[in-house]
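# kindly return the folded structure for what I paste below:
(one chain, ligands or ions: 1)
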Amino acid sequence: MKNIVILISGRGSNFEAILERSRAERWAETIGADIRAVISNRPEAKGLVTAKQNGIEAVALDHKTFASREEFDKALGDLVASYEPDLVVLAGFMRVLTPVFTDRFEGRMLNIHPALLPLFPGLHTHERAIEAGCRVHGSTVHFVSSVLDGGAIIGQAVVPVLPTDTPDTLADRGLVLEHKLYPAVVKAFLEGRVRLEDGRAVMDDATARELAIFA
Ligand code: GRF
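Residues are numbered from 1 along each chain as shown. I've put the predicted structure just below:
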């Protein structure tokens, strides 16, 4: 069985989207993959409740109880490794990770970022896209490297930016497509259709088409 470990910090709607697709398509039987655990650096994360309600192991590892970023990353790495993950999915995990963590899971760790990378890495992406006058915005799923929001791009979802948009309305429009994009990328990775090679995401044309999503 291929083990998936999901890391969150809050709401966990992307985790839910992946869970729903995995159940609807019975990934355990069809591709031999299962969500083994959901881990949050914030104990109050709503996604932990969702995990428990669905019979999935839910663990909180509070970063505030660690003296340094590196110590937290070491403990988090040990916890994640204890589930023998084939894939680590960062889904709204709002904490900068050091190489202590990222090097350990290179090539088998994904993140979703709410912008069309390489535009707008970091925070407040919707606000920045509106301010810059962008006519399109969206989200990116990429392999995680030690550079924040800087790893190889796998798939992107594009939405229009409307004149009446606020950062919130734009974020809501983007989130709807994130819930299509992220499960699709996770599935493609688990099926061996996407891999990291020499710092680039490798896939065939059909997969690249599938993982480019437009509103
Ligand atoms: C998403 O917009 C994602 O792009 C960003 O954080 C948000 C997470 O939402 N990294 P959720 O916790 O999955 O609902």
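# return the set of buried residues in the longest helix along the chain.
Criterion DSSP state H: the longest helix present in the chain is helix 167-190. Within helix 167-190, the residues scored as buried using 16 or more other CB atoms under 10 Å are 170-171, 173-175, 177-179, 181-190. C-betas here are computed from N, CA, C, even on glycine.
# now the closest residue to the ligand within the chain, what are its backbone angles?
In the chain, the residue that lies nearest the ligand is residue 92 (2.7 Å; CB to the nearest ligand atom). Per-residue torsions, residue 92: phi 70, psi 30 (degrees, to the nearest 10).
# got the residues of this protein near the ligand?
Counting by CB under 6 Å from any ligand atom, the positions of the chain adjacent to the ligand are 8, 10-14, 91-92, 112-114, 139, 175, 178.
# and if we set it to 8 Å?
Selection of the chain residues close to the ligand by CB under 8 Å from any ligand atom yields 8-17, 47, 90-94, 111-114, 139, 171, 174-175, 178.
# of these, grab the buried ones for PyMOL.
Selecting only the buried entries of the residues of the chain next to the ligand in PyMOL, with 16+ other CB under 10 Å as the criterion:
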select buried, resi 8+9+10+12+13+14+15+16+17+47+90+91+92+93+111+112+113+114+139+171+174+175+178
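# among the residues of the chain next to the ligand, which are located in helices?
Per DSSP H, the residues of the chain next to the ligand map to helices at 13-17, 47, 171, 174-175, 178.
# can you name the two of these that sit furthest apart?
47 and 174 (18.4 Å; CB to CB).
# returning to what we had before: report the next helix or strand after the longest helix of the chain in sequence order.
strand 195-197 (DSSP states H and E).
# that following strand pairs with which strands?
strand 200-202 (antiparallel) (DSSP bridges).
# which positions within the partner strand qualify as buried?
For strand 200-202, by 16+ other CB under 10 Å, it's residue 201.
# contacts for it?
142-143, 152-154, 194-196 (CB atoms under 8 Å, 6 or more residues apart in numbering).
# what separates the longest helix of the chain from the chain centre, distance-wise?
Counting by CA atoms, centre = their mean, to the nearest Å, helix 167-190 is centred 9 Å from the centre of its parent chain.
# just stretch 11-24 next, same as before
11 Å.
# which residues touch that stretch?
4, 6, 8, 27-28, 33-35, 38, 45-48, 50-51, 54, 56, 89, 91-92, 112, 175, 178-180, 182-183, 186-187.
# quick check: mean pLDDT of it?
When pLDDT is averaged over stretch 11-24, the result is 98.
# do the same with stretch 84-101
Mean predicted lDDT for stretch 84-101 stands at 97.
# C-alpha coordinates for it, PDB please?
Listed next in PDB are the C-alpha coordinates belonging to stretch 84-101 (Å, rounded to 0.1, in the frame of the first residue of the first chain):
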ATOM      1  CA  GLU A  84       6.600   5.400   6.000                       C
ATOM      2  CA  PRO A  85       5.100   7.900   3.500                       C
ATOM      3  CA  ASP A  86       5.300   7.400  -0.300                       C
ATOM      4  CA  LEU A  87       3.800  10.900  -0.600                       C
ATOM      5  CA  VAL A  88       3.700  13.900   1.800                       C
ATOM      6  CA  VAL A  89       1.000  16.400   0.900                       C
ATOM      7  CA  LEU A  90       1.200  20.000   2.300                       C
ATOM      8  CA  ALA A  91      -2.300  21.300   2.200                       C
ATOM      9  CA  GLY A  92      -2.600  24.700   3.800                       C
ATOM     10  CA  PHE A  93       0.400  24.000   6.000                       C
ATOM     11  CA  MET A  94       1.400  27.500   7.000                       C
ATOM     12  CA  ARG A  95       4.900  27.100   8.300                       C
ATOM     13  CA  VAL A  96       8.200  27.700   6.500                       C
ATOM     14  CA  LEU A  97      10.200  24.500   6.500                       C
ATOM     15  CA  THR A  98      13.900  24.200   6.600                       C
ATOM     16  CA  PRO A  99      16.100  21.700   4.700                       C
ATOM     17  CA  VAL A 100      16.100  19.600   7.900                       C
ATOM     18  CA  PHE A 101      12.600  18.700   6.800                       C
END
